[in-house]
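Colleague: curious how this folds, go ahead:
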Amino acid sequence: MGDNITAAEELAQGALVRPLKGSLKASPKGYYVLTQKGRENSPLSKVFIEWIFNEARNATD
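Modeller: Below is the predicted model:
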């Protein structure tokens, strides 16, 4: 994962590739969790999402 500014050179050289066709506008205080369609409620996804939210919550304390 990266942004267009810091990854531009690597993208141009082919060292990095875009795994998705689109892009997301970054939020200064946000996280995005991408899953395969239909797998957003899988047990593994739920555990990861719970963990990442807890990490974010604890980082602001």
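
Colleague: low pLDDT regions in the chain?
Modeller: By pLDDT under 70, the low-scoring segments of the chain are 1, 29-30, 60-61.

Colleague: quick one, helices of it?
Modeller: Per DSSP state H, the chain carries helices over the ranges 4-13, 43-59.

Colleague: determine which of the ones you listed approaches residue 24 most closely.
Modeller: For these, proximity to residue 24 was assessed by Cβ to Cβ; helix 4-13 is nearest, at 11.3 Å. Just so you know, the C-beta spots here come from the backbone N, C-alpha and C atoms, and that holds for glycine as well.

Colleague: returning to what we had before: export the helices of the chain as TSV, with columns for mean neighbour count and distance to residue 35.
Modeller: Listed next are the helices of the chain as TSV, based on neighbours: other Cβ atoms under 10 Å; distance: least, Cβ to Cβ, whole Å:
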stretch	mean neighbour count	distance to residue 35
helix 4-13	10	22
helix 43-59	11	5
